[in-house]
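Student: Coordinates for the following, if possible.
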Amino acid sequence: MSALHTGYIGRFAPSPSGPLHLGSLLTAVASYLDARANQGQWLLRLENIDPPREQDGAAKLIINSLKAHSLYWDGDILWQNQRSKNYETALSKLVTTQNAYHCSCSRAQLAQHGGIHPKQCINPPKEGDSAIRLKIPHTNVRFTDRVQGAQSYSADKIGDPVLKRRDGLYAYQLAVVIDDADQHISDVVRGVDLLDATAWQLHLQQALSLPAMRYLHLPVIVGDDGHKLSKQSCAPAINNQLASQNLRKVLSYLNQPLPPPELNTTKILQWAIEHWRPQLIPAGASLSL
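Tutor: So this is what the prediction gives:
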């Protein structure tokens, strides 16, 4: 499905560490509806920059599930593992401008400082054996989330995030900012478990002179054990044969008006686009399964 470009560009960016589950479908549907209701584009990005966490065949399963639920994206899929040059260019600029630095501190050492990197690196950085961290300035970052409301974070509480790991793999915080900028993303719709990370990403955008975006953080679905549904916790994959029921279920979680029962997936989504009310999405951290 194509859309008339109005300046709104959204995206769904799953990691191929497992098939889609109900929680990730909720994010996909919400981001899709928000884009289409604003006559915008909806892009698909596969965040496959962490090979140890990837599951063979998961990317194909994710793509098939989106199609089974009539969630069709605009343009080509962006694959993060093809974008190393873009990340290296950004890292070089950050180090050159002293907005990032090499660090060889271990997690155990940082734990003695409350997990926050001290002003001086505990271990002198060694070439080839260090991570690269973003230097967070001593200023508060504030933004207003479309569902969760006003947010404020201070530098001494969030610390300096890793941008490139000691093993040479790029960190999520770097990749997501660079990719969002390169894809001209205007609006990010994702789970509230990533709300805190927004502060780091806003600092990184400023350090690279990148445009800011609007954010909408959704409550996440939690299981009977109180933990977020996730691929790491082996949340069951959604059943593509029950696509219509799945769409109705996530619309209910999002507190949206429910469509008539006789509609198929395509018509459910069209109805949901016309009746999309993001102000009805419940604020807070979680929704019970």
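Student: Name the SS class of residue 150, please.
Tutor: strand (DSSP: H, G, I helix; E, B strand; the rest coil).
Student: do residue 216 as well
Tutor: Going by three-state DSSP: residue 216 is strand.
Student: ok, and the closest non-adjacent residue to it?
Tutor: Leaving aside its chain neighbours, residue 216 sits nearest to residue 146 (4.1 Å; criterion: CB to CB, 6 or more residues apart in numbering). Glycine gets a C-beta too; all of them are placed from N, C-alpha and C.
Student: is it true that that neighbour touches residue 213?
Tutor: No. Using CB atoms under 8 Å, residue 146 is not in contact with residue 213, being 11.1 Å away.
Student: Direction-wise, compare the lengthiest helix in the chain with strand 214-218 and give the angle.
Tutor: The residue-count maximum for a helix in the chain (DSSP state H) belongs to helix 22-37. Angle between the axes of helix 22-37 and strand 214-218 is 140 degrees (criterion: axes from the mean of the first three to the mean of the last three CA atoms, to 10 degrees).
Student: now helix 22-37: how far from the chain's centre is it?
Tutor: Distance, stretch centre to chain centre, for helix 22-37: 12 Å (CA atoms, centre = their mean, to the nearest Å).
Student: Which secondary structure elements does it sit against?
Tutor: Counting contacts by 3 or more CB pairs under 8 Å, 6 or more residues apart in numbering; DSSP states H and E, helix 22-37 is packed against strand 9-12, strand 41-46, strand 187-191, strand 214-218, strand 220-222, helix 243-253, helix 265-274.
Student: Would you mind giving these as a markdown table with mean pLDDT and mean neighbour count added?
Tutor: Listed next are those as a markdown table, based on pLDDT from 0 to 100; neighbours: other CB atoms under 10 Å:
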| stretch | mean pLDDT | mean neighbour count |
| --- | --- | --- |
| strand 9-12 | 98 | 24 |
| strand 41-46 | 98 | 22 |
| strand 187-191 | 97 | 22 |
| strand 214-218 | 97 | 21 |
| strand 220-222 | 86 | 21 |
| helix 243-253 | 96 | 19 |
| helix 265-274 | 98 | 17 |
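Student: got the CA coordinates for stretch 269-278 in PDB?
Tutor: Extracted C-alpha coordinates of stretch 269-278, given in PDB (Å, rounded to 0.1, in the frame of the first residue of the first chain):
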ATOM      1  CA  LEU A 269      -7.100  -1.600   9.000                       C
ATOM      2  CA  GLN A 270      -8.900   0.800   6.800                       C
ATOM      3  CA  TRP A 271     -11.700   1.200   9.400                       C
ATOM      4  CA  ALA A 272      -9.100   1.600  12.200                       C
ATOM      5  CA  ILE A 273      -7.200   4.300  10.200                       C
ATOM      6  CA  GLU A 274     -10.400   6.300   9.800                       C
ATOM      7  CA  HIS A 275     -11.200   5.900  13.600                       C
ATOM      8  CA  TRP A 276      -7.600   6.300  14.900                       C
ATOM      9  CA  ARG A 277      -7.600   8.100  18.200                       C
ATOM     10  CA  PRO A 278      -4.100   8.200  19.700                       C
END
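Student: Let me see the residues that make contact with it.
Tutor: 29, 32-34, 36-37, 70-71, 146-147, 216, 247, 251, 256-257, 259-260, 263 (CB atoms under 8 Å, 6 or more residues apart in numbering).
Student: Under a three-state scheme, what state does residue 136 occupy?
Tutor: coil.
Student: would you list every one of the helices in this structure?
Tutor: 22-37, 58-68, 84-96, 107-111, 155-158, 172-182, 197-207, 243-253, 265-274.
Student: Nearest approach to residue 189 belongs to which of these?
Tutor: Nearest of those to residue 189, taken as CB to CB: helix 22-37 at 3.9 Å.
Student: now the angle between strand 41-46 and that closest one, please.
Tutor: Using the same axes, to 10 degrees, helix 22-37 lies at 150 degrees relative to strand 41-46.
Student: For the nearest residue in space to residue 267 that is not next to it in sequence, report the pLDDT, please.
Tutor: Nearest residue to residue 267, sequence neighbours excluded (CB to CB, 6+ apart): residue 259, at 7.4 Å. If you check residue 259, the pLDDT there is 96.
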